[in-house]
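Chemist: Take a look and give me a structure for this.
(chains A and B)
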Amino acid sequence: MGKMMNIKKAVAYVFLSLLAFLCLFFFYCLIINATRSHPEISKGFSFIPGKSFGSNLYNVLHNKNLPVIYGIVNSLLIAGSSAALAVYVSALTAYAIHAYEFRLRNVVYLFIVMIMMIPNQVTTLGFLRLINRMGLMDSFVPLILPSMAAPVVFYFMVSYFESNLPLEIIESARIDGSHEFYTFNTIVIPIVKPALAVQGIFAFVASWNNYFVPSLVLKSNAKKTLPILIAQLRSADFLKFDMGQVYMLITIAIVPVAIIYLCLSKFIIGGVTAGSVKG
Amino acid sequence: MVKEKKAKTRKKISYAKWGYIFLIPFFATYFIFSFIPLVNTFYNSLFENYRSGLTQIGPNFVGLQNYISIFQSDLLKYLGNTMILWIIGFIPQIIISLILAVWFADFRLRLKGSTFFKTIIYMPNVIMAASFAMLFFALFSDDGPMNNLLINLGILNSPFRFLATVWGTRGLIGLMNFMMWFGNTTILLMAAILGVDSSLFEAASIDGAKSLQIFTKITMPTIKPIFIYVLITSLIGGLQMFDVPQVLTNAKGSPDRTSTTLIMFLNNHLYSKNYGMAGALSVILFVITAALSLVVFFVLTGAGKRRGGK
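Modeler: Purely as a prediction, here's the structure:
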């Protein structure tokens, strides 16, 4: 039995190492190529980093055809404010369901759970016509404000409140004469901060990576976000382009998120299961 | 006494008001940015409204004509593409995720470094799909690093044109989808297995059950609701596939539109401002996802009832 176990264990380690290799290999190639100059890259494949990291970065940030610096700033601005709004309003909505007894409570909860799975692609047509009528085309507003209605974050927050926010705390705040909104902001929010942070990261990453709707809303060059710039790079005449810059732009889009993820992976992986189904 | 009780109920009513007030931001946003667009999408699907060259046609009410036209155009071809691309990624994903989940959840196996492996295999999920596709396009281009490597290793004699062949392109899209989602699926399934009462596994192994028997007789039946949840949410996600094939094939779905997905088709209609067709396509997608979501919903709530009944 012990021997069988050891064989099984060895198989598991080999298999896991292969999968880990698969996951890391392409990113390794990316980082390596981002440090090599265009002539070096076109010469062939290499496992050893080059010395052109600085010049590739400088070139891509100062590229005249691609507003990369704008792209970074726009992406940060949109993703940051969407994430903040999404977690705050979702926490508020979840708190309404958790802390108050009112007649429509179960109906509201069910409704939000039902709309959770409807993808926003199917309403994009109406969405575009609406924001066109509102004069919000080519603006960040329609990419930020809708994040206030985030059913997935709400669902996660409700289950987090259930196990982490005893109603007695709210009762005692009331006895001390605390206003309901004040209680939420100064007592509830600090208690659920860890959950807000995890959900904030998920919301940030989702918005940072979002391509479909922004590409239909943002038109002027200075307003484009990173995914749109990358798609634009793809449609440009590829072979004439400096490959070092191509890899560098991909690195800029991927690496910050990957670093945040690696630093906080413990909480993020915990959040994956907590936010979905309770097994 | 009576007075006190009255005061209490009155107080409760005044708190209930706050419940409604706190719901306002969510529902106002949902109403403006999701509900009105949804209704408007349905409405638009009944009108003929597009540009033909320089002349604007419509909007004229045409009933269900758009739905007929979209079925007569390439809808079924693109639905087929979307399903093929989803299956190529999903089958390896579910098999590998199940194996990994069983291993991670097996206490007797005591795998070291499982946190490390989980961290690595989940990482592709947080990567921007558009940039991931661009990376694959660069790496797998005709004289790109991958062909170069394969030739150096002696596996290929001449460059393989991945993006010029139907199954090369589809295979790459499937590979990317697999990499982006198998870590996530593993973690969900592992949590489901860890939620199973461990005395079941112990009893089975004392009775001399083999690993495979434990898997088919205990693990699978108990995690079935989560398994169906994973299956259907993945299918819904698959129907929304867009970023990867769009960027990889430069919106063309090349070769010969064999990797054009439904959302790429929608994107084309939105881009060319053919509102009638875009509307009909959106409604069809809405109906399919809504039906699939209902299945998930009933599987999960039904499963909860069954567990409670035991």
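Chemist: and the host helix or strand of residue A:230, what does it pack onto?
Modeler: Assigning secondary structure by DSSP states H and E places residue A:230 in helix A:226-235. Helices and strands touching helix A:226-235, by 3 or more C-beta pairs under 8 Å, 6 or more residues apart in numbering or on different chains; DSSP states H and E, are helix A:68-99, helix A:212-217, helix A:243-274, helix B:129-139, helix B:243-248. For the C-beta atoms, the positions are set from N, CA and C on the backbone; glycine is no exception.
Chemist: now, of these, which is deepest in the fold?
Modeler: Comparing those by mean neighbour count (mean count of other C-beta atoms under 10 Å in any protein chain shown), helix B:243-248 ranks first with a mean of 27.
Chemist: Now the element after it, going C-ward?
Modeler: Next along from helix B:243-248, by DSSP H and E: helix B:262-271.
Chemist: In that next one, which residues are buried?
Modeler: Across helix B:262-271, burial judged by 16 or more other C-beta atoms under 10 Å in any protein chain shown covers B:262-270.
Chemist: and the helices and strands packed on helix A:226-235 as TSV, adding distance to residue B:33 and mean pLDDT?
Modeler: Below are the helices and strands packed on helix A:226-235 laid out as TSV (distance: least, C-beta to C-beta, whole Å; pLDDT from 0 to 100):
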stretch	distance to residue B:33	mean pLDDT
helix A:68-99	12	95
helix A:212-217	11	95
helix A:243-274	25	87
helix B:129-139	23	94
helix B:243-248	21	95
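Chemist: Switch these over to TSV; also include distance to residue B:164.
Modeler: What follows is those, written out as TSV (distance: least, C-beta to C-beta, whole Å):
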stretch	distance to residue B:164
helix A:68-99	30
helix A:212-217	26
helix A:243-274	20
helix B:129-139	12
helix B:243-248	13
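Chemist: max-length helix in chain B?
Modeler: Longest helix in chain B by number of residues (criterion: DSSP state H): helix B:275-309.
Chemist: Any buried residues in that one, and which?
Modeler: Of all the residues in helix B:275-309, those buried under the rule 16+ other C-beta under 10 Å are B:275-286, B:288-289, B:292-293, B:296-297, B:299-300, B:303.
Chemist: and stretch A:142-160, what's its mean pLDDT?
Modeler: Confidence over stretch A:142-160 (mean pLDDT, whole number) is 93.
Chemist: Please apply the same query to stretch B:105-117.
Modeler: Averaging the model's pLDDT scores along stretch B:105-117 yields 85.
Chemist: what residue ranges in the stretch 101-250 of chain A score low on pLDDT?
Modeler: Residue ranges of the stretch 101-250 of chain A with pLDDT under 70: A:237-240.
Chemist: whoops, the stretch 151-300 of chain B was the one
Modeler: In the predicted model of the stretch 151-300 of chain B, no residue satisfies pLDDT under 70.
Chemist: Mind doing that once more with 90?
Modeler: Scanning the stretch 151-300 of chain B for pLDDT under 90 picks out B:152-160, B:191, B:194-219, B:222-226, B:229, B:251, B:253-256, B:293-300.
Chemist: Ok, which of the helices and strands packed on helix A:226-235 comes nearest residue A:149?
Modeler: Closest to residue A:149 of the helices and strands packed on helix A:226-235 is helix A:68-99 (C-beta to C-beta; 7.5 Å).
Chemist: How about the following helix or strand past that closest one and chain B, touching?
Modeler: Per DSSP H and E, the first helix or strand lying C-terminal to helix A:68-99 is helix A:105-115. Yes: using C-beta under 8 Å from any C-beta of the partner chain, helix A:105-115 comes into contact with chain B via A:105, A:108, A:112-115.
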